[in-house]
Structure formats: structure tokens, C-alpha cells
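1. no sequence on hand, only this structure:
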């Protein structure tokens with residue numbers, strides 16, 4: 001565990017729980033996918049898919065806290081259940097350990113409500129905590145909401161693997177004051193503050209054996 005659960009709210013007052021994704025979240029992940037429109041699925045997976053495969057569900061719900069981190073957002077319901085709202089994750093690049101590929105997903109009913117920047121801000125703080133200083137993401141040119149968020153953080157655009165896709169490179173900052181003075185930068189600072197308070201400190205190494 002690297003992050004304690006965060007209880008907060010969206011700008012419109014909707015309560016939100018943010019916590020690490022775990023293997024027991026497979027059903028929540030499937031439910032969130034079921035609530036996504038075809039357009040949102042295409043933006044996230046670069047193609048229309050009817051359902052997540054078991055291999056995808058297992059991969060998405062099996063983070064290891066260091067090289068693969070995944071966080072999820074959900075709205076607590078009156079009956080005690082959770083309504084899945086979004087996820088954010090990164091996977092460290094094996095050939096460049098200070099960089100990681102990231103992906104961000106927000107269920108349609110929670111889009112354009114400030115959840116994307118909240119998830120990205122928390123993810124960026126965890127990435128920085130884990131020694132990562134660049135997040136790389138592939139974003140379809142038609143995904144204007146995601147491009148607008150990243151442009152507001154001065155992310156760099158580079159050609160993607162396909163003409164319809166941008167590769168976006170976001171620098172993550174240990175000092176959140178280094179994010180630009182934009183609405184997206186302000187949202188990152190708010191999320192960073194919450195994430196800092198919720199990070200679980202690294203375990204201290206054991207004391208060396210005393211001299212005989």
C-alpha cells in the first residue's frame with residue numbers, strides 16, 4: 001500500500017473516494033467499463049471493444065506500488081456501495097526508469113466535472129514519490145478534453161504511433177508550485193496536497209546487525 005484512501009469532493013459537491021486499485025476491484029472495473037459510452041471506450045482503448053478481457057481485468061487490478069500504480073475513484077452510495085467514476089495508472093518504462101506511461105479514464109457521467117485533473121494530480125504525486133519525473137501518454141486527436149487538460153499543464157506534444165494519436169509528455173514536479181498558473185495547474189496543486197497527506201511513508205530499512 002502506498003496511498004491511504006482519500007475522501008474528498010468534486011467542485012460541484014459530489015463526494016468522491018480515491019484509493020489504490022486492488023485485485024478485489026475487478027467487478028467495479030467491469031461496471032465502470034459498462035457505464036462508458038462507445039466514444040469514451042474508443043478514446044481510452046483506441047478502438048471499440050464490447051467488454052474487457054479477463055487478461056485486461058487482471059492486469060488493470062494487479063499493481064505493485066512501485067513500477068505499476070493504479071488508483072480508482074468512486075462515488076459512495078447511500079446503500080454502502082460504490083459507483084465507479086474513473087481510474088488512473090502508470091507503468092514504469094523498463095528502459096527508462098524515470099519515465100512511465102500513464103492512462104486516465106473517466107466514466108461519462110463524471111466527465112467535465114474536475115475528476116480527471118484530480119486523478120491526474122494524485123497520480124503525478126505518487127509518480128514523483130516513486131522517482132518518476134515524466135509521464136507519457138497516448139491521446140487521440142479527437143479527445144479534446146484530455147488534450148485541453150494536458151495543454152493546460154504545458155505537456156509537450158509529439159507524433160504518436162498513428163496520425164490520429166498524439167504522444168503527450170508531462171513533466172511531474174516535486175514542487176507543485178512549478179505547475180503553470182492555469183486552472184489545470186491549480187487543480188494539480190489541490191490534488192497534490194491531498195495526495196501528500198495520504199502517502200504511506202516508505203518502510204525504514206532494518207537496523208544493521210550490531211558488531212559481535
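-> On my side now, so go ahead. Source: prediction; values computed, not measured.
2. and the residue nearest the centre of this structure?
-> In the chain, the residue lying closest to the centroid (Cα atoms, centre = their mean) is residue 88, at 2.2 Å.
3. what's the one helix or strand that one maps to packed up against?
-> Assigned by DSSP states H and E, residue 88 falls within strand 82-93. Using 3 or more Cβ pairs under 8 Å, 6 or more residues apart in numbering; DSSP states H and E as the contact test, the elements touching strand 82-93 are helix 26-34, strand 68-76, strand 96-106, helix 115-129. (Each C-beta comes from the backbone N, C-alpha and C, glycine too.)
4. ok, and what's touching the third one?
-> Yep, that's strand 96-106 we're talking about. Here strand 96-106 makes contact (Cβ atoms under 8 Å, 6 or more residues apart in numbering) with 32, 36, 40, 44, 67, 85-93, 115-116, 119-120, 123, 127, 131-138, 146, 170.
5. if you set the cut-off to 7 Å instead, what comes out?
-> Residues outside strand 96-106 that contact it (Cβ atoms under 7 Å, 6 or more residues apart in numbering): 44, 85-93, 115-116, 119-120, 123, 127, 131-137, 146.
6. could you turn the buried ones of those into a PyMOL selection?
-> Provided next is the PyMOL selection string for whichever of the contacts of strand 96-106 are buried by 16 or more other Cβ atoms under 10 Å:
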select buried, resi 44+85+86+87+88+89+90+91+92+115+116+119+120+123+127+132+134+135+136+137+146
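7. residues in contact with the lowest-mean-pLDDT helix or strand in the chain: which ones?
-> When each helix and strand of the chain is scored by mean pLDDT, DSSP states H and E, helix 38-45 comes last, with a mean of 89. The contact list for helix 38-45 (Cβ under 7 Å, 6+ apart) reads 48, 49, 105, 108, 140, 143.
8. got a winner among those residues for most neighbours?
-> Within these, most neighbours by other Cβ atoms under 10 Å means residue 105, with 24 neighbours.
9. bridging residues for that residue?
-> Taking DSSP bridges as the rule, residue 105 bridges to residue 87.
10. so how far is residue 22 from it?
-> For residue 105, the distance to residue 22 (Cβ to Cβ, to the nearest Å) stands at 17 Å.
11. over to residue 199?
-> To residue 22, residue 199 is 17 Å away according to Cβ to Cβ.
12. residue 68 and residue 94 touch, don't they?
-> No. Counting by Cβ atoms under 7 Å, residue 68 stays clear of residue 94, with 11.4 Å between them.
13. ok, those two, which is more surrounded?
-> residue 68 (16 against 7).
14. tell me the contacts of that one?
-> Counting by Cβ under 7 Å, 6+ apart, residue 68 makes contact with residue 91.
15. beta partners for it?
-> Going by DSSP bridges, residue 68 is paired in beta bridges with residue 91.
16. distance of it relative to residue 44?
-> Using Cβ to Cβ, residue 68 is found at 17 Å from residue 44.
17. buried ones in stretch 181-189, by neighbour count?
-> For stretch 181-189, a neighbour-count test (16+ other Cβ under 10 Å) marks 184, 185, 186, 187, 188, 189 as buried.
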